[in-house]
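Sequence first, then the predicted structure:
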Amino acid sequence: MSRRRNPESAGAGQRPALAGLLEKLLAAVRPEFRRDVLVFAAGDPVFGGTACRVGMCGRVSFSSTGLCNAHYQRWSKQGRPAVEGFSAAASPLTGARLRGRGDAPADGHPDSASSIDLRILPPQLRLEMQYALQCRRDEMAGKARPRTAQAITRFLARGAARSLLDKPVQDWHREYGARPRSSERGLLSYAYRAVEDLACGHGWDAEYPRDAWRLRSLGFSGPYATLRFDRIPQQWLKDLAKRWIRSRLLAGISTSHASSAVTAVTRFGQFLHAAGEDMQLSGIDRELLERYLAYLGAAVPGTRDRIMHVGQLNMFLQAIRRHQWDDGLLPSTAAIFREDYPRPPELLPRFLAEHVMAQVEDPANLGRWKDSNWRLITVILIRCGLRVSSAVSLAFDCVVADAAGAPYLRYHNTKMKREALVPVDDELCQMIRDHQEQVLSHWPGRTVPVLFPRTKANTDGSRPVGSTSYRTALYRWLDDCDVSDELGRSLHLTPHQWRHTLGTRLINRDVPQHVVQKILDHDSAQMTAHYARLSDKTVREHWERARKVSAEGQPVQISADGPLGDAAWTGQQLSRATQALPNGYCQLPMVKTCPHANSCLTCPMFATSAEFLPQHHAQRRATLQIISAAEAVGHARVAEMNQQVAGNLEKIIAALEDEEPHGTGATASAS
């Protein structure tokens, strides 16, 4: 399928206008960065490194010797004596944080490990690099080695470009080489974005005209950095899609949902392009939508993916009609109905077996985590049932207490976009306090806002770890622990399965469903009922194992595997719920009436189990007393009726006591 595309639209969008950029750079670059040679001390928070072993040198070490470049050269000229002796004898050199042109070390050239020589760049490109390095220093988002910046400087100097914005960043990457260092590619991209932001500005005025929106420039964070509209062939559809996505982003949807919406509109646009080059909004009617639905059935194999495409297109058409963006051109028949949505598969919760959880929760295995962030996140996911996106973004002070002093974990429900609370125990609270102390010791004197700050590229401790990084570490940890299933096979699990496991555990422990809904912060009882299906299955297993006997002491057989197994279970559940007796259960269907009144021990529909043995013994004693009293006063009929009851009780007690050592636990659980 062909599609029209603006050749200048790529990645970050169209090439921005360069008018006025030089004046902006001259106004933005501070004097301390407007130097031809920038030299940084070892203690610099962004461009610094390990200090030279020579006392008071202040420069960054050059090699495994621990010496800066200047002292390394001097050490080599002296025949490479013992480093310890050389360091002690070397004259102290006081290193400035930033030096200007000509302010070089004693050997006549800048220290390549701590300096960046920008003299080889043309004037504007030099200003752009100075501005980018200044921004990197101000943000303090992560370390940047001067050597990395110097490598980029040499690369830029080899070309004919006079500005970073002479070409899209993708072209710079292609020219840089097939396999550049990731740090160099990252710093080059950072420099390009910094200069582009200065030239074009931030916000909607700068981004809306582009065919690719930079979400960071719009103030959105997340795994999606760009929303691309350049794959939509029709300009009128692209304009409507931009209008719709902007309204949805401002309404608070996540960047992932916005990306899904753009994908759905893009696929619809490509379908329209294949249907006809001159397709317009007025041509979208019910007949065309039915053809598109049929196309989705073949082009998108996943049911949930098709549901996403249909749902997003439906919301898009509704928004066009509601906000009157179509000027009355969209036909009234352009509608999608409920029955157009594919039926989603009904899946059981993906809980983990207790055999697997025993391996995961083993203290020895938890101790295998090399990073304390990952270990505590794992415990929180297991015990609290958070989504991994909520766990990694926990605030530093995330534990609160109620009026009674009971602790709760306060977190942001990233799916529902609201704050939520989940009760926690004292052990987990202590683990969180220990972790907080460790974080504060790593960033002394700083106010760290997050509980799990990333250990790299995070100078001030404000950036949390990412969910993708946790998943990568989780899979390595599972391999190290050799977690396996019941058959000994290597197991692959996802963090979300711990949420399913907690919900299933709570339901099977008879925690009320509305309480489980509150703990998991579900939006509806229907979501929690998903886990309750497992409870019914568990109770059925106990019911199948329990030994039941009739009023005559004979086993009651109900096939669990036969074609009527589910029906028998349903009937048993209904019977036990509405006709429970003090010493057993009535198996008589509810649609029938009982001809035996309350004489259940003479009734063929009566069934009982070992859990009622105390009642049977008590009733036997009472029945024998009734028989003795009736015989003493000559009430032969009363004595005769109770003789049958006493005989049945003898049989029941004998049958159940024969099985009690093996079946009591299972029988009791069935009640």
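The structure has been received and is ready for your questions.

the helices in the stretch 501-650 of the chain, which residues?
For the stretch 501-650 of the chain, the helices defined by DSSP state H, counting those that start in this stretch cover 513-519, 525-545, 565-578, 613-633, 636-669.

ranking those by mean pLDDT, which is last?
Lowest mean pLDDT within the helices of the stretch 501-650 of the chain: helix 565-578, a mean of 45.

Can you give me the distance of M416 to L227?
According to Cβ to Cβ, to the nearest Å, M416 and L227 sit 23 Å apart. Using the backbone N, CA and C atoms, a C-beta is placed for each residue, glycine as well.

What is the burial count for I626?
I626 has 17 neighbours, counted by other Cβ atoms under 10 Å.

how far away is it from Q643?
For I626 relative to Q643 (Cβ to Cβ), the value is 10 Å.

more crowded one of M416 and L227?
Set M416 next to L227 and count neighbours by other Cβ under 10 Å: L227 wins out with 25 against 13.

and the helix or strand harbouring the more buried one, what does it pack onto?
When elements are assigned from DSSP states H and E, L227 belongs to strand 226-228. Here strand 226-228 touches strand 212-214, helix 255-275, going by 3 or more Cβ pairs under 8 Å, 6 or more residues apart in numbering; DSSP states H and E.

swap the cut-off to 6 Å and go again
When contacts are defined as 3 or more Cβ pairs under 6 Å, 6 or more residues apart in numbering; DSSP states H and E, strand 226-228 sits against strand 212-214.

What segments of the stretch 301-450 of the chain are helices?
303-322, 354-360, 363-366, 372-384, 388-392, 426-442.

the domain parsing of this protein - what is it?
When the chain is parsed with automatic domain parsing, its domains come out as 21-200, 205-340, 354-519, 547-669.

re the thing from before, figure out which of the helices of the stretch 301-450 of the chain is closest to R505.
helix 354-360 (8.7 Å; Cβ to Cβ).

Just the CA coordinates for that closest one, please, in CSV.
Output in CSV follows, covering the C-alpha atoms of helix 354-360 (Å, rounded to 0.1, in the frame of the first residue of the first chain):
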residue,chain,number,x,y,z
GLU,A,354,1.9,-22.0,45.7
HIS,A,355,4.8,-24.2,44.6
VAL,A,356,6.1,-21.3,42.6
MET,A,357,5.3,-18.7,45.2
ALA,A,358,7.3,-20.7,47.8
GLN,A,359,10.4,-20.4,45.6
VAL,A,360,9.8,-16.7,44.9
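
Any chance you could list what contacts that helix?
Helix 354-360 has contacts (Cβ atoms under 6 Å, 6 or more residues apart in numbering) with V483, E486.

what is A607 paired to in the beta sheet?
S550, Y585 (DSSP bridges).

where's it relative to I652, distance?
A607 is 10 Å from I652, by Cβ to Cβ.

Compare the two (neighbour count), which wins?
More crowded of A607 and I652, by other Cβ under 10 Å: I652, with 28 against 23.

one step back: to A529, which of the domains of the chain lies closest?
domain 354-519 (6.8 Å).

first to last residue in that closest one, what's the distance?
End-to-end distance for domain 354-519: 21 Å, by Cα to Cα, to the nearest Å.

Make JSON lines from the helices of the stretch 301-450 of the chain and add distance to A636, mean neighbour count and mean pLDDT to it.
Shown next, in JSON lines, are the helices of the stretch 301-450 of the chain (distance: least, Cβ to Cβ, whole Å; neighbours: other Cβ atoms under 10 Å; pLDDT from 0 to 100):
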{"stretch": "helix 303-322", "distance to A636": "73", "mean neighbour count": "17", "mean pLDDT": "95"}
{"stretch": "helix 354-360", "distance to A636": "59", "mean neighbour count": "15", "mean pLDDT": "90"}
{"stretch": "helix 363-366", "distance to A636": "71", "mean neighbour count": "12", "mean pLDDT": "93"}
{"stretch": "helix 372-384", "distance to A636": "67", "mean neighbour count": "21", "mean pLDDT": "94"}
{"stretch": "helix 388-392", "distance to A636": "76", "mean neighbour count": "24", "mean pLDDT": "94"}
{"stretch": "helix 426-442", "distance to A636": "68", "mean neighbour count": "14", "mean pLDDT": "93"}
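
can you redo those helices as CSV with distance to T459?
Formatted as CSV, these follow (distance: least, Cβ to Cβ, whole Å):
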stretch, distance to T459
helix 303-322, 39
helix 354-360, 34
helix 363-366, 30
helix 372-384, 17
helix 388-392, 19
helix 426-442, 12
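
contacting residues around stretch 282-292?
Applying Cβ under 6 Å, 6+ apart, the external contacts of stretch 282-292 come out as F271, L329, P331, T333, A334.

Mind giving me the PyMOL command for buried ones among these?
Only the buried members of the contacts of stretch 282-292 end up in this PyMOL selection, burial being decided by 16 or more other Cβ atoms under 10 Å:
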select buried, resi 271+331+334
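
Nothing else from me, thank you.
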